[in-house]
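no sequence on hand, only this structure:
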C-alpha cells in the first residue's frame, strides 16, 4: 500500500510539472484591449499610465502601471525649467491621446526590470503609439 501511494504521488508530481501535461495550466491572451473611458485610470508622465487590464494573471492585480515601449520622455523632477516644461507638455499630449482613443491595445507585455510595472507596445486606434507621438 505504501508503494502504491508513493507511485501515485510521483505520477501526480510528474504530470503537474510536465510541459506536456496541461492539466493545471491556464493560458492568457497575447493582446489586451482597453477602454479609454473605463480602463485607463491615470497618466503618470509622458510614457506611463495606470490601467485596469482584464484577463491578466491575478498576481498582477487590477491596476497595472504600464510604460510604453519606445517612448523617451523628459523628467518633470528636474531643476532645468525648460526640460520640466517639455516634460509637462509631453505628459499633457500623452494624456490627451489616451483620453481621445477609441481603441487601445497592449501587445508584447514584459515585466519591468527594477519595479512592479509592465513594458508594452501600445496601439491606439490600430497604430503603434511611437508613430503617433
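Noted; the coordinates are in hand. What you are looking at is a predicted structure, and each value in this text was computed from that prediction instead of being measured. Residues are numbered from 1 along each chain as shown.

can you tell me which residues contact the closest residue to residue 36 other than its chain neighbours?
Residue nearest to residue 36 in three dimensions, not counting chain neighbours: residue 101, with 4.7 Å by Cβ to Cβ, 6 or more residues apart in numbering. From N, CA and C alone the C-beta is placed, and that goes for glycine too. Applying Cβ atoms under 8 Å, 6 or more residues apart in numbering, we find residue 101 in contact with 36, 124-125.

now, of the residues you listed, which are buried?
With neighbours counted using 16 or more other Cβ atoms under 10 Å, those contain these buried positions: 36, 124.

same list (the contacts of residue 101) but as TSV, adding pLDDT.
Formatted as TSV, the entries for the contacts of residue 101 read as follows, by pLDDT from 0 to 100:
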residue	pLDDT
36	90
124	93
125	91
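
in strands, which of the contacts of residue 101 fall?
Judged by DSSP state E, strands contain the following of these: residue 124.

quick one: which of the contacts of residue 101 is nearest residue 73?
Distance ranking of the contacts of residue 101 against residue 73, using Cβ to Cβ, places residue 124 first at 16.4 Å.

so how far is stretch 39-46 off the chain centroid?
The chain centroid and the centroid of stretch 39-46 are separated by 12 Å, computed with Cα atoms, centre = their mean, to the nearest Å.

and the average pLDDT for that stretch is what?
Averaging pLDDT along stretch 39-46 gives 93.

which parts of that stretch are buried?
For stretch 39-46, the neighbour count (16+ other Cβ under 10 Å) marks 39-40, 43-46 as buried.

what about those, which are in strands?
Reading strands off these with DSSP E, I get 40, 43-45.

and of the contacts of residue 101, the nearest to residue 61?
Of all the contacts of residue 101, residue 36 has the smallest distance to residue 61: 20.3 Å, by Cβ to Cβ.

got the contact list for the closest one?
With contacts defined as Cβ under 8 Å, 6+ apart, residue 36 is in contact with 98-102, 104.

what subset of the residues you listed is buried?
Taking 16+ other Cβ under 10 Å as the criterion, what is buried in the contacts of residue 36 is 98, 101, 104.

rewinding a little: ok, of the contacts of residue 36, which one's closest to residue 60?
Distance to residue 60 across the contacts of residue 36 (Cβ to Cβ) is lowest for residue 104, with 17.4 Å.
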